[in-house]
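S.K.: sharing a model that was predicted from the sequence below.
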Amino acid sequence: MNIDLDAALIALQNKQKKESPWDDAALHVSDLALCKRQVWARRNGVTESYIDLDNWVQMQLGLKYEEIVCAALDAKGVKYEYQVPVKDPIFGHKLIGTADFVFEDAVLDTKTTTFWSGYVGKGDERRKQVKIPEEPKMGYRIQAAAYAIALGKPRYGLQVVCRASGKRVTFWYETAGLASVIGKAVVDMQTTTTSDPEPIEAKPPWYTEDADGKSWQCGYCPYAACESNRNESLQVL
Ligand code: SF4
C-alpha cells in the first residue's frame with residue numbers, strides 16, 4: 001500500500017485550521033497577553049500564524065486533557081458548558097476566543113505546561129522534586145479573566161497541569177481584581193494594532209519577562225524585522 005502520509009497530515013491540519021474560529025486579522029483574547037508589535041504584525045499580514053508540529057501535538061494534548069476534565073465533571077454531575085465562544089464585545093471591542101469551561105458563576109481555563117523539577121537532598125536523601133507553582137502565570141490569569149468578563153461571570157479559575165509529572169493545581173479568583181487591567185489592555189491593543197503605523201513600543205508585557213528582564217516572547221516571535229527578536233528558527237542559513 002502506498003500512502004502519502006505527509007499530504008494526509010497537511011490536509012488534516014488545513015481542515016482543522018479552516019474549522020477554527022481563528023482569524024489573523026482579528027483581535028483575540030489570547031492577544032491580551034502578547035507584545036503589541038507582535039500582534040500588530042500578525043493583524044496586518046506582516047506575519048502569519050503558523051503551527052509547527054510541536055505546537056500542534058501540544059494543542060491535541062490540551063484538548064485530550066479537556067476531555068478528561070469533561071469526564072470528571074460529568075461523573076460528578078456538575079453542570080457546565082464546554083468550549084463557549086465569546087460573542088459580545090468586551091469593553092466596547094470585538095474579541096475572538098473560546099472559553100474552555102463555563103459554570104453558573106465562573107469560567108475555568110485549563111493549561112498544560114511543565115513545572116520546574118529537580119533533585120533535592122544529598123546521598124540517600126536525594127530525591128526528585130516537582131515544584132507546584134504558588135500562582136499561575138499572569139498571562140494565563142488575564143486570558144481566563146477576560147473570558148469570564150466577556151461571558152458575564154464574576155469568577156474565573158485556572159487548572160494548570162504538568163505534562164511531565166501529571167501534577168496539577170487549581171486557582172480561583174474574582175474578576176473584579178483584573179477588570180481595569182483588562183479594560184485598558186483591550187482598548188490599548190485595539191487602537192494600536194489595527195493598522196499603520198507599527199507600534200513604537202517593542203515591549204512584551206512585564207509578566208513575560210525572565211529575571212534578566214528579557215521576555216520569552218522574543219525567543220518565539222515570528223516578526224523577524226524587530227530588533228529584539230531572538231527567535232533562532234527564523235535565521236536564514
Ligand atoms: S521580538 Fe519581542 S519585542 Fe519584538 S515584536 Fe516580537 S515579541 Fe515584540
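M.R.: It's in.

S.K.: and the helix or strand hosting residue 218, what other elements does it pack with?
M.R.: Element membership for residue 218 (DSSP states H and E) is helix 217-220. The contact analysis (3 or more C-beta pairs under 8 Å, 6 or more residues apart in numbering; DSSP states H and E) places helix 217-220 against no helix or strand. To be clear about C-beta, it is placed using only N, CA and C from the backbone, and glycine gets the same treatment.

S.K.: hey, C-alpha coordinates of it in CSV?
M.R.: Extracted as CSV, the C-alpha positions of helix 217-220 are listed here (Å, rounded to 0.1, in the frame of the first residue of the first chain):
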residue,chain,number,x,y,z
GLN,A,217,8.1,36.1,23.7
CYS,A,218,11.1,37.5,21.7
GLY,A,219,12.5,33.9,21.6
TYR,A,220,9.4,32.6,19.7
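
S.K.: show me what that helix is in contact with.
M.R.: With C-beta atoms under 8 Å, 6 or more residues apart in numbering as the test, helix 217-220 has contacts from 34-35, 38, 204, 208, 226, 228-232.

S.K.: just checking, residue 148 touches residue 154?
M.R.: Yes - Residue 148 sits in contact with residue 154 when judged by C-beta atoms under 8 Å, with a separation of 7.3 Å.

S.K.: ok, residue 174 to the ligand distance?
M.R.: 30 Å (C-beta to the nearest ligand atom, to the nearest Å).

S.K.: that residue: what's it in contact with?
M.R.: Counted by C-beta under 8 Å, 6+ apart, residue 174 has contacts 154-155.

S.K.: could you measure from it over to residue 157?
M.R.: 11 Å (C-beta to C-beta, to the nearest Å).

S.K.: what does residue 140 give?
M.R.: From residue 140 to residue 157 the distance is 11 Å (C-beta to C-beta).

S.K.: got the residues of the chain near the ligand?
M.R.: 35, 37-38, 202, 204, 217-218, 221, 223, 226, 228-229 (C-beta under 6 Å from any ligand atom).

S.K.: name all residues that make contact with the residue most central in space within the chain.
M.R.: Geometric centre of the chain, nearest residue: residue 30, 5.4 Å, by C-alpha atoms, centre = their mean. Each residue near residue 30 by C-beta under 8 Å, 6+ apart is listed here: 97, 143.

S.K.: return the helix ranked longest in the chain as CSV; C-alpha atoms alone will do.
M.R.: In the chain, taking DSSP state H as the definition, the longest helix is helix 53-76. In CSV, the C-alpha atoms belonging to helix 53-76 read as follows (Å, rounded to 0.1, in the frame of the first residue of the first chain):
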residue,chain,number,x,y,z
LEU,A,53,4.4,20.1,14.7
ASP,A,54,5.4,20.6,18.4
ASN,A,55,2.7,23.1,19.0
TRP,A,56,0.1,21.1,17.1
VAL,A,57,0.8,18.0,19.1
GLN,A,58,0.7,20.1,22.3
MET,A,59,-2.7,21.5,21.3
GLN,A,60,-4.0,18.0,20.8
LEU,A,61,-2.7,17.1,24.2
GLY,A,62,-4.5,20.1,25.7
LEU,A,63,-7.8,19.0,24.0
LYS,A,64,-7.3,15.5,25.3
TYR,A,65,-6.8,16.8,28.8
GLU,A,66,-10.0,18.9,28.4
GLU,A,67,-11.9,15.6,27.5
ILE,A,68,-10.6,14.1,30.8
VAL,A,69,-11.9,17.1,32.7
CYS,A,70,-15.3,16.8,31.0
ALA,A,71,-15.5,13.1,32.0
ALA,A,72,-14.6,14.0,35.6
LEU,A,73,-17.2,16.8,35.8
ASP,A,74,-19.8,14.5,34.1
ALA,A,75,-19.1,11.8,36.7
LYS,A,76,-19.8,14.3,39.5
